[in-house]
Structure formats: C-alpha cells, structure tokens
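> Sequence first, then the predicted structure:
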Number of protein chains: 2
Amino acid sequence: MHFTSESGSDGVSERRFVVDGVPGLLWQPDGSALGGRPLVLLGHGGGQDKSGPRERARRCAVRYGWAAVALDAPGHGERARTAQDERFATEIGELLAAGRPISAWVARHTAALAERAVPEWRAVLDALEGLAAGEGLGPVGYWGLSLGTAIGIPLAAVEPRVVAAVFGLAGHAALVEPAGRVAVPVEFVLQWDDELQLREAALALYGALGSREKSLHANPGGHLAVPDFELASAERFLARYLPRATG
Amino acid sequence: MHFTSESGSDGVSERRFVVDGVPGLLWQPDGSALGGRPLVLLGHGGGQDKSGPRERARRCAVRYGWAAVALDAPGHGERARTAQDERFATEIGELLAAGRPISAWVARHTAALAERAVPEWRAVLDALEGLAAGEGLGPVGYWGLSLGTAIGIPLAAVEPRVVAAVFGLAGHAALVEPAGRVAVPVEFVLQWDDELQLREAALALYGALGSREKSLHANPGGHLAVPDFELASAERFLARYLPRATG
C-alpha cells in the first residue's frame, strides 16, 4: 500500500493511496491508529469518483471515530478508460441524445464494472489489514448507492469482512442472484420516483436480499433527491454494528 | 372533559377520562402543564384498547416531555359493542374457523370503525384544547398502525391540528382516497411478509399519500413483528415536528 499524499482539516486526515493501480482515499481521525478501528467502505455513484463520498467519510470520522475508504471505480476518476469503458460512454451519449431509456444500459454496464471492482475492493481490504498489523481491522461496513450498490452487493455476497451494508437506488436483474447470498444486515434506500430505476425492480431487489434483517427506506423524488435525513439514518444504522471508536 | 382516576410512576402521570361516552387515557410528565405542550395521539391496533399504547406514551413523556392520549376505538376496550360490532365479531370468527382470508373483512370493518372514530378524536382534541385554555395545545402528532392507521388517515385528512403522522400495517382500498388528502409529513411502516395486508396494497397506500414528505420503512416479518428500532425511528421522526418540552 503506497500513500502518495496527506491532507487534513477539522481533525480528519485524508490520505491518497494506490493499490494494484487503483487509486483511493483513506480517512481517519487525525493521529489515530487503524488497528481495531471500524472501517466504512464508501462506494461512489456512476460518473463520480473517490472524492464523491468525502463528506460522508468526514462525518463518519468526526461523529463516530471510524476510518473510511473510497476507490475510483473502474473507468472513473483518475483511472484509464478501457475500450469497454469508451464504448459504454459512447453508447449512453447516443441513448440520451435519442431520448431513449437507459436502464438496460445501466444494468449491463454496471454489471461489467462490478466484475472488475469486487476483487479491487478485496485487495484494498487486504492491504489495510496489513497496515493494521497485529490487531487487524475492526468491523467493516459498506455504504454505496446506485453504482455503489451494483458493486457493493456482489462484494458483500463474497466478502466475509463486511458486517453491515447500506445499499439502494439500484434494481438491476443481474443483482438479484448475488443479493440472495448477502446475509448481513442491510438498510436499502429507494427513491419512489427514480427516473433511472424501475420501482418494481428496486422493490424486487430489496425482497431478494438474503439478510434476515433488512430495512427498506423509500422517499418521494428522483434518483438524486435522497433526503438528508437518510444520511443520518444510514449512519445510525451502521452504528448499530460498528462501535464508536476513540483514540 | 371528566377525569375519573389518576396514577403515576417514573415521573409520568396517567389519567383516565371520558369525553362524550368515549373513555381514554392522558399521559404527561408529572405536574406538567398541557398548554403549549406537544401532544401525540396514539391509535391502538384491532382487538387492543386504550392501554395498548401505554409504553409508547410513557417513552414520549419521559424522553421528549410530550403529552400523549389514547382512546378506546369503537367496539373496543370498555365500550359497549353495537349490533354491527357483534356482527363483525361473529363474521371474523367464522372466517378464521373456515381458514378463509380476512383482508376484505378487515377493510370493511375498519372503514366502518373509522367513520365513528374520527369525530371522537376531534371531540377529544377540542376538550384537551379547552384544558390548555389560553395557551392552547402545542403541535399534535398522530401515531397508530393497523387499525390505528385505518382511523388515523381519515383523521389526518380532515384535522388541521395534526402536523405529522406515523402510519402503517394497512392497505385497504377505502383508505386511498383520504390518503390523497393527507398533506403532513408521514413515516409509513410496512411489514414485508404481513399476513393481514397485501404487500402491493400497502405499497399503493404509501404511494397514494398526498404528503410531499413521506418515508416508507419496510422490514421482513409478519404483522406483529415490527422491529423495536422502528419505534425509536418513529419517535425521532415525530421529534422533527414536535419540539422537546420541559417544565
């Protein structure tokens, strides 16, 4: 794990790192140790990058003492675009220009991204575990909506270190199968008037989650109109499984 | 308004009253004034009575300083059963004995109960306003699931003193029309495997609410398996509109 820069403000340090060519950001309370500290994996939305979840990361560090990490998803942020990424970018431009629905495109594209992103997240967890040598990592939560969920569900299906997850704004059919293998508690955010996801598909994805404890939180409005109180709710949900950390 | 008994423990007084022949319970912090104090109307479930919401009422008083009131719904608790109540009781016994679905019965019965209960709640609000003379009542919330929602939605549709409501575990078609006239913020509780309500009907009722702000909270399990954390969530929701009271 290679840290390339460090900055901090308001008592939270932010460090840029690269693992196997994937750039990420790691936040934690200034001067705190990683060992034993709860960690939140923050998945960003489509078209955003690792800095998108910065405010969520800083709130987690300030209010709960947790560490948080975000990665550039494949084809996003500083990462080179593959021929596939370029093809997807061209396609969505054409669909939008033609005023045609993009949900099938979103499903196909995000499934391809998730296949690349899941091993990247696991490699970063391994690297962070190395940094926390001896004590090891504390409990790990995952929090990502939309593209963050398209990646997070297949990740939680295979990664036993994730103990709780906030998902939502997604309902691709390709996610139903891995969702059935998710067993950890989930809070699932749904926007009732989401213009990018069919409501029925999102409800079906919530229903497909294998978790014994899973809460659906739906609110009116479009994809980008998740109310602020759902951020606080997601934090409180994670805090049921990730203890407050000090020191 | 006629108070017939008073008891208290842990700093919360409980007074039994009768308004126009309807018995109820009023809770408030010991020795507190009603004037200007937020008030929560607590609707009980089918087959229960005014004492069913006692724990919720006591929590509201202890944690938030709110007053709370519950009534025996028509045909429930201490109230005489009408010929209609008796007929419904006979019918549901026959349906259950025959192993037949009771959702149509629930819809018909609760609509009839609501027609009687709404003016009773309004009369009690008038009486409490009289007690709070001068200062008047503080903001009023409503919190009732199942039968409490079958009564609460038509109440909130016509009663401007209600500023926020917790509903759920209901989805009768007869509620869709009054739901469209509800304009206040709502938290709506749904049990994904509710054996008494069709999931689709409950989702449709949430969708029909006219409120600009409305949150659906769904969890796995049957009608009686609402998780404890939804109680705390409902309190936090109401606390966004009902200020904490002291004195």
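Great, that's in hand. Numbers count the residues shown, from 1 in each chain, chains lettered A, B, ... in the order given.
> Report pLDDT for the residue nearest the centre of chain A.
Geometric centre of chain A, nearest residue: A:Gly43, 2.1 Å, by CA atoms, centre = their mean. pLDDT for A:Gly43: 98.
> For it, name its beta-bridge partners.
A:Gly144 (DSSP bridges).
> these two touch, right, it and A:Ile151?
Yes: between A:Gly43 and A:Ile151 there is a contact under CB atoms under 8 Å: 5.5 Å. For every residue, glycine as well, the C-beta is placed using N, CA and C.
> Overlap in contacts, these two.
Listed contacts common to A:Gly43 and A:Ile151 are A:73, A:144; contacts here mean CB atoms under 8 Å, 6 or more residues apart in numbering or on different chains.
> how far away is the residue at the greatest distance from the centre of chain A from chain B?
For chain A, the C-alpha farthest from the mean C-alpha position belongs to A:Ala98; by CA atoms, centre = their mean, that distance is 30.5 Å. To chain B, A:Ala98 is 30 Å away according to CB to the nearest CB, to the nearest Å.
> What residues does that residue make contact with?
A:Ala98 touches nothing, counting by CB under 8 Å, 6+ apart.
> Mind listing residues that contact the helix or strand of chain A with the lowest mean pLDDT?
The helix or strand of chain A with the poorest confidence is strand A:2-9; it has a mean of 81 (mean pLDDT, DSSP states H and E). For strand A:2-9, the surrounding residues in contact (CB under 8 Å, 6+ apart) are A:13-19, A:26, A:30.
> Most neighbours out of these, which is it?
Highest neighbour count within the contacts of strand A:2-9, by other CB atoms under 10 Å in any protein chain shown: A:Leu26, with 24 neighbours.
> residues in contact with it?
Contacts of A:Leu26 by CB under 8 Å, 6+ apart are A:3, A:14-15, A:17, A:67-69, A:128.
> what does chain A put close to chain B?
A:190, A:192, A:203, A:206-207, A:212-220, A:227, A:229, A:233, A:240 (CB under 8 Å from any CB of the partner chain).
> Buried ones among those?
A:190, A:192, A:203, A:206-207, A:213-220, A:227, A:233 (16 or more other CB atoms under 10 Å in any protein chain shown).
> Between which two of those residues is the distance greatest?
Greatest spatial distance in these: A:Glu213 and A:Pro220, 25.2 Å, computed using CB to CB.
> Next up, the contacts around the residue lying closest to A:Thr246 once chain neighbours are set aside.
Excluding the flanking residues, the one nearest A:Thr246 by CB to CB, 6 or more residues apart in numbering or on different chains is A:Gly65, at 5.6 Å. Going by CB under 8 Å, 6+ apart, A:Gly65 touches A:29, A:32, A:37-38, A:244-247.
> Next one: A:Gly65 from A:Gly36, what distance?
11 Å (CB to CB, to the nearest Å).
> the strands in chain A, which residues?
A:2-9, A:12-19, A:22-29, A:39-43, A:67-71, A:140-144, A:162-168, A:186-191, A:214-219 (DSSP state E).
> For the last one, name the packing helices and strands.
In other words, strand A:214-219. Judged by 3 or more CB pairs under 8 Å, 6 or more residues apart in numbering or on different chains; DSSP states H and E, strand A:214-219 is in contact with strand A:186-191, helix A:199-208, helix A:228-239, strand B:214-219.
> List of residues touching it?
A:168, A:185-192, A:203, A:206, A:225-227, A:230, A:233, A:237, B:190, B:192, B:206, B:213-220, B:227, B:229.
> Just the pLDDT at A:Pro38, thanks.
97.
> Same check on A:Gly247?
Confidence score, pLDDT, at A:Gly247: 66.
> Equivalent analysis for A:Pro154, please.
Confidence score, pLDDT, at A:Pro154: 97.
> The one 5 residues further on now?
In this prediction, A:Glu159 carries a pLDDT score of 98.
> What residue, apart from its backbone neighbours, is nearest it spatially?
With CB to CB, 6+ apart, the residue lying closest to A:Glu159 is A:Arg122, at 5.9 Å.
> same thing with A:Gln48?
The nearest residue in space to A:Gln48 (CB to CB, 6+ apart) is A:His76, at 7.0 Å.
> Give me the below-cutoff pLDDT ranges for chain A.
Judged by pLDDT under 70, chain A has its weakly predicted residues at A:247.
> In it, where's the longest helix?
helix A:103-131 (DSSP state H).
> what's the angle from it to strand A:67-71?
130 degrees (axes from the mean of the first three to the mean of the last three CA atoms, to 10 degrees).
> mind listing what's buried in helix A:103-131?
In helix A:103-131, counting by 16+ other CB under 10 Å, buried: A:105-107, A:109-114, A:116-118, A:120-121, A:124-125, A:127-129.
> And for stretch A:233-245?
For stretch A:233-245, by 16+ other CB under 10 Å, it's A:233-235, A:237-239, A:241-242, A:245.
> who touches that stretch?
Under CB under 8 Å, 6+ apart, the answer for stretch A:233-245 is A:29, A:32, A:36-38, A:40, A:59-60, A:63-66, A:138-139, A:141, A:143, A:163-164, A:166, A:185, A:187, A:189, A:215, A:217, B:229, B:233.
> Span of that stretch from start to end?
19 Å (CA to CA, to the nearest Å).
> Can you give the distance from it to the centre of its chain?
16 Å (CA atoms, centre = their mean, to the nearest Å).
> Then stretch A:108-120?
So, by CA atoms, centre = their mean, the centroid of stretch A:108-120 is 12 Å from its chain's centroid.
> A:Glu177: which of the strands of chain A is closest?
Taking the strands of chain A one by one with CB to CB, strand A:162-168 is closest: 14.9 Å.
> Pull the distance from that closest one to the chain's centre.
For strand A:162-168, the distance to the chain centre is 8 Å (CA atoms, centre = their mean).
> Could you do stretch A:32-52 as well?
With CA atoms, centre = their mean, you get 8 Å for stretch A:32-52.
> mind checking the end-to-end distance for it?
23 Å.
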